[in-house]
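J.: Predicted structure and sequence below. I'll ask about it afterward.
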Amino acid sequence: MSQPFQMPRFLAAPRLLSPRLSLAQVPLIWQFAVIIALGLALSALWGGALRWPEAWVIPMRGWITRFFEWLGEDAGIGSYKVRDLTRFLADLLDQPLTWAEYLLYRGIRPLDLPPLPWVSIVLGAAILGHWVGGWRLALFSASCLLYLAVFGLWRDGMRTLTIVIVAVPFAVSIGLWLGIWAVRSRRVAAVVSPMFDLMQATPHMAYLVPVVILFGFGQVPALIATVIFAMPPMARCVILALQTVPPEITEAGTMSGCTPRQLLWKVQIPAGKRILMLGVNQVVMQTLAMVVIASLVGATGLGQQLLTSLQQLKLGAAVEQGLGIVMIAIVLDRVTQAWANRPTDYAARGRSWRFRHRHALAFGAALIVSFALAALFKEASVLPKRLTVTFGTQMDEAVRWFAKVSYDYIQPVRDFITVEMLIPLRDFCLAVPWVVVVGLVGAAGLRLGGRGTALLCMGLVLGIVLFGFWEPAVLTVYLVFSAVVICVCIGLPIGIWASRSPRVARPVMAICDTLQTFPSFIYLIPVIMLLKVGDLSNIVAILAYATVPSIRYTYLGLRRIPDVTIEAAIANGATPRQRLFKVELPVALPEIMLGLNQTIMMALSMVAITALIGSRDLGQEIYRALPTADTGRGILAGLSIAAIGIVADRLIQGWANKRKKHLGVG
Amino acid sequence: MSSDVKIRCKNLWKLFGPNPARFLQDHDGNPSAEALEEGGYIGAVQDVSFDVHDGEILVIMGLSGSGKSTLIRCISRLNDPTSGEMDFDGKDLLNATAAELIEIRRHKMGMVFQNFGLLPNRDVLSNVTFPLEMQGMGREAREAKAREMVELVGLTGREANFPGELSGGQQQRVGIARSLAVDPDVWFLDEPFSALDPLIRAEMQDEFMRLQKVLKKTIVFITHDFEEAVKLADRIGIMKGGRMVQMGTPEDIVLNPATDYVAEFARNAPHERIITLRAIMSSDRVVTDVPPLNARDLIGDVARQVLSSETPIAVAHRGKIVGSVGRVQMLDGLYGPEAQ
Amino acid sequence: MNHTRITAIALCAFGAMPALAEVESDEPIIIVQNNWTSQLVLSNVLGQMLESKGYTVEYTPSDSQLQFSALANGDMHVQVEAWEGSMKAAFEKGLEDGMVDAGTHDAVTREEWWIPNYVLEVCPKAGTWEGLNACADIFKTAETSPKGRFLGPPADWGKNYAARIEALNMDFVAINVGQAATLWAELQSAYDREEPIVLFNWTPNFIESKFEGQFVDFPEPEPACFEDKAWGPNPDATGDCGAPSSAWLKKAAWSGMAEEWPGAWSVVEKMNVNNAQIARAALLVDVDGMSQEDAATQWISENQDLVDSWLK
């Protein structure tokens, strides 16, 4: 009785005899054939149907660039400039950053105090870990931070940590606030939720140019870009969490006499905590994912060092720095999750003040001891280089050795795939007239999602054409399509395998986590050494990142099948193979499709990274926009990627919904 | 049973659909079933009127979709009724301000939910303290009160457990303790035992009766189980399709079902636990050597005695012989009149 | 950033005069860092020099193109290596926006096609463009076959090698990489296997201390090369020449620097290094494996007299 009465859909009488129905009865394949034929004929008559004439491109790109230049330089009322406002905002945001810097690595300048010695931070991490999660977490946190110290990454690690510990609370609270607002007001939700779609589908790098124009260079703009990127998943999780609180819990709160504010903070938010914490987890992961990219606009720390290492071809050093980022991410994630799941400590109630504050006291003691140590031994304040280790050179040697011995085997395969498969596919994609694509997308949209979907999809594709991004967009689709096909071919079997046994699942999921946190830039170097500059390298670089959702959602989908369903299949005499293909995969299909959706999104976001290898796709457009401060180019290319993502998403979701209805679920 | 009216509902309507208030107005506040269907509205509660007396257990019984859960949510103002009148302690509840409502809920109402509605992040004790915390009671005081409640429902020793660590029955005990923590005047129970196993359910019903004996609350109890209704109720209201079909004492309903629908439930009811001697006795005032039976006795309690007696036994009410009961009447009472 | 700025902006907001310190300031001097070794070490050399004079110094990483607008608006204050070859346009844009040219180093730079020395064993004349072109087929890959592959710089580094290849009628295809690291990864992989490769490279950088090789000589450019078709090897095309074999290397700074930190400004103006000194700076890190900070300290001690003359 949770939702007492909902108006059944069929009551909203559909107009059964609209003429559209007759179109819907024509098989899709015939519609496609007609559209292709018409499109080819049209482009034979008029070249503009194949390639939109350069002269007719809407100069939106220039407008946007000039708008941002104006906004950054001249806009304002009288002598008050927008620039002053943004700079003021930046200086405001700089305050928490500065204090975090003071504490972690710079020393408190105004008071002439040294920064926290590394020993104290490692001990602090251990104490924090023990406080929220017990001895295991204490040991874990301390060893992760010890890694930073021992591998000589301390200072850069602290620089990165500075941005992260400021960005995460910012992103979490803004996301929380926006999410609550969207749940309370339908109008806000109508604005906010497509905006989040767009923001998440736009690659990180596309944000950088406007941020630089408005906020300049350095830690603060990096912080802002990070928050912008990390916030939407939080807001989304807040919305989901609040909407899925069981109605009885909300009612129980109301009947306990909660005011609306109490209801929100004491009932709904705690009850939705599991999903909220998923949001926090996403924020942490996204923040760390931005660490490297943010260094393009002036963030110091591990990200910057990592890029420098790569430029100097020190792959091993880059791997160590990348692992440093992963360590910080994991510690933050584990600590926040443990904190959220911490039980009330009743045992401590009756105990002494000293017992109840044992963690704070321990930290105080740790501070005193480590400052004393730091005063006596320099090693306790900053670990000198001679005491640190690195396996960078050895790793470099290993990668080079591997590249050398495997090259002869890999090269023929690489050449075959490139010449026989990829290049023909690319040429084919480039030869398709845009009118045909618009038509096909429209027909598919109409069939799968209705008129709204069709118009939206056609509009988005047309936008790409009109703003002059057709060719890079086609190359993007070609790369992403090839990558996604391979992702699914890899991800599906691994997901199925993992779902069969927890022994397999644990390491597979751990690898998935690492792959997603590990800075993707690092994959590029070995990929290039083995596969050379070319489309295959781009695709493989995308794979490393985008296979993860394929695996994860397949695994989850299969695991979530009710036991009875499987038992019923066994009782009906299904062989394991029949069980998989006739029962499990069809039932898990909606989840698997969601995984496909995510795979496409991940692949699209990786497109910006493949620009570093060398490509001619939208990623390259975005990457190139940064050094030239060409805001229009960056934003429009970013939005084009988002547009591709949205079209794919709508079509797949439309298909999945139809399918679900067919199965009688959802 | 006192006859003071605690809650009075008059012509209560709750419609779901595009614009219910407007629709109801357009149909003079009393749309027909056809009009509802045509307009695309669902009449969850239709023209329901009844009183709840101080200290009584009123059980609202109906199958799923009959509107009983919506009804209790209207009375507790979790849902706003589309139209009608509702008094609580003689005060107009429908026009109470949000602040007044919060006050009423903090001090006068308690509610138990089918799926317990416990806060998953709080342990037993702090679930029970929750309403007190909302009132702004200090920690010492509210924990003391909560421990008392926890003891009352027999969960002492489980204070630090989280809801997820408890069995269904234990969780519902927490729900009960929580709803009683503020000493409410009125206690709403929405299918409190439906999610429990039959054995636990019976145990909880007994527990409930034990509590009520001590607490003497005014209770509105929702169930879809007729047996549960007759076991617990002072009065039963039977709902179907959003309307209150019949309301009366269990005996009343079993003996004089208003519709075939009610008769269907009545037929399968455990007569021996519902019907009193007064309802089946013959008016022959016999004099026997065994002491007379009380007219208010449930027939099940005296069946063995009556059936093993060769002759009818006298029935008395307030010390006066008012009739007698013999094997024939008893058998009719237990199994219904012989088919003709 | 800094407190004075906040105060300044707050004052602006309330209509008061923005106040910049008129005397030497405690505000940190922000030195731009790019992602190649010599720049990083020389930045640290400058930083250590300034710190020795009592200034506060901070390092901020930046993109090699965007840095000039940051220098123009004062987000960052000084850059020790601005390259003609790859940064000329952005540098000039920066000057327009208010950045200042802080002088030219003695060092000259060169950006050109480059081959590892082992290529000369199979193609002895590869040191010149004609000789290289004669054995173009040893450089071919699956995609470029039958032509050879030239691995070019990122497309926007302001060099159109496709046009030069066409102007000189060479049997090559230019494949542009996305970033320098990609070039080095390809070079490393090919070098380990002694596979013929020709790619974009520049000097001074760390590559010369790690890999043995040489630039390919093209016709030295003159203005006429780009205007007069008749000039150069191809009588029918303009652009049939190489890049200048000696381009400038400059320093750049924020226009307010001379006013806010006059003492620091004079050091920046005097700082001047030659090719050998730059190569040495890179080598300390890339070959000897020192950190940039240690390398800077080492470099200063090796060039103490020079440094002292800048500090005077």
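T.: Nice, thanks for sending it over. Treat the numbers as computed from the prediction; the structure is a model and nothing was measured. Numbers count the residues shown, from 1 in each chain, chains lettered A, B, ... in the order given.
J.: Pairing partners for residue B:188 in the sheet, please.
T.: Using DSSP bridges, the beta-bridge partners of residue B:188 come out as residue B:111, residue B:220.
J.: That one and residue B:74 touch, don't they?
T.: No. At 11.0 Å, residue B:188 does not count as touching residue B:74 under the criterion of C-beta atoms under 8 Å. In this view, the C-beta of every residue, glycine as well, is placed from N, C-alpha and C.
J.: Name the nearest residue to the residue most central in space within chain A, sequence neighbours excluded.
T.: Using C-alpha atoms, centre = their mean, the residue of chain A that lies closest to the mean C-alpha position is residue A:286, 5.7 Å off. In this structure, residue A:286 finds its nearest non-sequential neighbour in residue A:230, 3.9 Å apart by C-beta to C-beta, 6 or more residues apart in numbering or on different chains.
J.: so what's that neighbour up against?
T.: When the contact criterion is C-beta atoms under 8 Å, 6 or more residues apart in numbering or on different chains, the partners of residue A:230 are A:167-168, A:171, A:282-283, A:286-287, A:290.
J.: can you redo those as CSV with secondary structure and pLDDT?
T.: Formatted as CSV, the contacts of residue A:230 follow (DSSP: H, G, I helix; E, B strand; the rest coil; pLDDT from 0 to 100):
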residue, secondary structure, pLDDT
A:167, helix, 93
A:168, helix, 92
A:171, helix, 93
A:282, helix, 84
A:283, helix, 89
A:286, helix, 84
A:287, helix, 88
A:290, helix, 85
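J.: and of those residues, the nearest to chain C?
T.: For chain C, the nearest member of those is residue A:290. The distance, counting by C-beta to the nearest C-beta, is 14.6 Å.
J.: Once you drop chain neighbours, what's closest to the closest one?
T.: Counting by C-beta to C-beta, 6+ apart, residue A:290 lies nearest to residue A:226, which is 4.4 Å off, once chain neighbours are set aside.
J.: quick one, phi/psi of that neighbour?
T.: phi -60, psi -50 (degrees, to the nearest 10).
J.: got the contact list for it?
T.: For residue A:226, the residues meeting the contact criterion (C-beta under 8 Å, 6+ apart) are A:163, A:167, A:171, A:286-287, A:290, A:294, A:299.
J.: Where do the strands of the chain begin and end?
T.: Looking at chain A here, since you left the chain open. Along chain A, the segments classed as strands by DSSP state E run A:76-77, A:80-81.
J.: could you do chain B instead?
T.: B:5-16, B:42-53, B:57-61, B:83-88, B:91-92, B:109-112, B:186-190, B:218-223, B:235-240, B:243-248, B:293-294, B:313-317, B:320-325.
J.: Indicate which one of the ones you listed is closest to residue A:645.
T.: Closest of the strands of chain B to residue A:645 is strand B:5-16, at 37.5 Å (criterion: C-beta to C-beta).
J.: For the closest one, name the packing helices and strands.
T.: The helices and strands touching strand B:5-16, judged by 3 or more C-beta pairs under 8 Å, 6 or more residues apart in numbering or on different chains; DSSP states H and E, are helix B:20-26, strand B:42-53, helix B:68-75, strand B:83-88, strand B:218-223.
J.: Need the winner for burial among those.
T.: Mean neighbour count, computed with mean count of other C-beta atoms under 10 Å in any protein chain shown, is highest for helix B:68-75 among those, reaching a mean of 26.
J.: show me where the stretch 151-300 of chain B has helices.
T.: Under the criterion DSSP state H, counting those that start in this stretch, the stretch 151-300 of chain B contains helices at B:168-180, B:198-215, B:226-232, B:250-255, B:260-267, B:277-280, B:299-308.
J.: In a markdown table: those, plus distance to chain A and mean neighbour count.
T.: Shown next, in a markdown table, are the helices of the stretch 151-300 of chain B (distance: least, C-beta to the nearest C-beta, whole Å; neighbours: other C-beta atoms under 10 Å in any protein chain shown):
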| stretch | distance to chain A | mean neighbour count |
| --- | --- | --- |
| helix B:168-180 | 7 | 24 |
| helix B:198-215 | 17 | 14 |
| helix B:226-232 | 16 | 22 |
| helix B:250-255 | 23 | 21 |
| helix B:260-267 | 20 | 15 |
| helix B:277-280 | 34 | 21 |
| helix B:299-308 | 33 | 16 |
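J.: Let me have those helices in CSV, adding mean pLDDT as columns.
T.: Formatted as CSV, the entries for the helices of the stretch 151-300 of chain B read as follows, by pLDDT from 0 to 100:
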stretch, mean pLDDT
helix B:168-180, 92
helix B:198-215, 89
helix B:226-232, 89
helix B:250-255, 89
helix B:260-267, 87
helix B:277-280, 86
helix B:299-308, 88
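J.: nearest to residue A:407, of those helices?
T.: Within the helices of the stretch 151-300 of chain B, the stretch nearest residue A:407 is helix B:168-180; the backing value is 63.8 Å (C-beta to C-beta).
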